[in-house]
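Engineer: need coordinates for the following:
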Amino acid sequence: MSQCTKCETNFVGTPENPPVPGLCKYCEIEILRKGIDAVCQLMAQSQGVTGLHLNGDVATWDDLRTGGKMEEWLVEFDDAVKILPPI
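Structural biologist: Numbers count the residues shown, from 1 in each chain. Below you'll find the model as predicted:
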């Protein structure tokens, strides 16, 4: 049994799903949710990625997200947003 370094609760993991060292699953999810939210905020305040095409054109977020021409870049991110919606 371990103790979470963030919330100080006791927790255990399983061999198939070991805990992040020092964090219970609730705190781990909270950190992941905040990270997803930070990226969503960045995306909301910008047009896309410059330099991805190596020609100076902007790869827009609509093109990079699920349903876009280059969706393979961010499909997993969009899946994560569905599971852990931003704050």
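
Engineer: tell me the secondary structure for the most centrally placed residue in the chain?
Structural biologist: By C-alpha atoms, centre = their mean, the chain has its centre lying nearest to Ile36, at 3.9 Å. At Ile36 the chain is in helix, as set by DSSP: H, G, I helix; E, B strand; the rest coil.

Engineer: ok, now the one 3 residues further on?
Structural biologist: Per three-state DSSP, the local secondary structure of Val39 is helix.

Engineer: about what we covered before: need the pLDDT of the residue nearest to the centre of the chain.
Structural biologist: At Ile36, the pLDDT value in this model is 93.

Engineer: pretty sure it contacts Leu84?
Structural biologist: Yes. If you go by C-beta atoms under 8 Å, Ile36 and Leu84 touch, sitting 5.5 Å apart. Every C-beta, even on glycine, is put in place using the N, C-alpha and C of the backbone.

Engineer: quick check: closest non-adjacent residue to Thr5.
Structural biologist: Among residues not flanking Thr5 along the chain, Gly22 sits closest, at 4.1 Å (C-beta to C-beta, 6 or more residues apart in numbering).
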